[in-house]
Structure formats: structure tokens, C-alpha cells
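Novice: From the sequence below, what's the structure:
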Amino acid sequence: MSLSPRKIVRIFYEADLIHNEQILKDYLHAEVTLNWNSSFGFSKKNFDDILRMFKGMQSAFEFSRNKITHLLTDKNTVTIRHTFFAKAIERSKEEAIAHFMCIWELKEDKLYKGYMISQQADFSVENMETFL
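Specialist: Reported below is the predicted structural model:
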């Protein structure tokens, strides 16, 4: 029995994506496309780009995690809102790096098309309370 789209997305985002290349291979479709709007502009990433991005982060961060605040499902489409936390090698504790919202279309039980927006973490009390 296959997992629900919601469970697939949850498992993916609850993993340490920086240090677990296998989860990327297991949960990203070979033809994945991530359309990403960030404070740095628009970028479009494919499977190899995403692997390269996380591999590039390995030398800077000891571990990472996502705190999921919203996870909504409509058939094979899942929307997730989360904050990405990581512990930099030169820091004593983890820090919020950025806030994300992403809509994923799944195909063959894998993340296939993503539409993501992100911004650098805002540590104001008012903002952080919306992520509790």
C-alpha cells in the first residue's frame, strides 16, 4: 500500500535533507521541477540542481530540520508551510534560516512539480508566533 501524498511530503520535510541524500533520491521524482521565488529572485531547479544545492550545504551545517506549521492536501497536491532550521558548524546552537511555503504536485508517489516562495527568517516575536 502506498503512502498518502500528505504523508510523503511530511516524511520528506521531517528528514535532515542536508545529510540524507538517499531521502532526496527516494522522494524526488527523476523529472522534478522546483520553481522557486526567493528574496534573491526566481530560480528553476531540476533533480541534479536540488541534489547539488543540499550537497553544497553539507560543509556549512552540522544538521538541519524543518518545523512544519501547515500541511494541506487536495488530491495529489500538497501545500506546506515551514521554517528551515540548521546548526552552522561555527555556531553553538541551531538558528532559523528561512521561512517557506511550497505547493507540490506528486507523480508516481514522488514530489514532481514544486512552486515555492521563501524569505529569510524574521525573528520578531509577532512573526515567530505565527509559526507556533
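Novice: quick one: strands adjacent to the one helix or strand residue 103 maps to?
Specialist: Here residue 103, judged by DSSP states H and E, is contained in strand 95-107. Applying DSSP bridges, strand 95-107 is found paired with strand 77-88 (antiparallel), strand 110-120 (antiparallel).
Novice: Most tightly packed of the ones you listed?
Specialist: Among the strands paired with strand 95-107, strand 77-88 has the highest mean neighbour count (mean count of other CB atoms under 10 Å), at a mean of 18. Every residue, glycine included, has its C-beta placed from N, CA and C.
Novice: How far does it sit from its chain's centre?
Specialist: With CA atoms, centre = their mean, to the nearest Å as the basis, strand 77-88 stands 5 Å off its chain's centre.
Novice: could you give the mean pLDDT of that strand?
Specialist: Average pLDDT, strand 77-88: 95.
Novice: what residues does the lowest-mean-pLDDT helix or strand in the chain touch?
Specialist: The least trusted helix or strand in the chain, going by mean pLDDT, DSSP states H and E, turns out to be helix 125-129, with a mean of 72. By CB atoms under 8 Å, 6 or more residues apart in numbering, the residues outside helix 125-129 that reach it are 96, 122.
Novice: cutoff 7 Å now
Specialist: Applying CB atoms under 7 Å, 6 or more residues apart in numbering, helix 125-129 turns out to have no external contacts.
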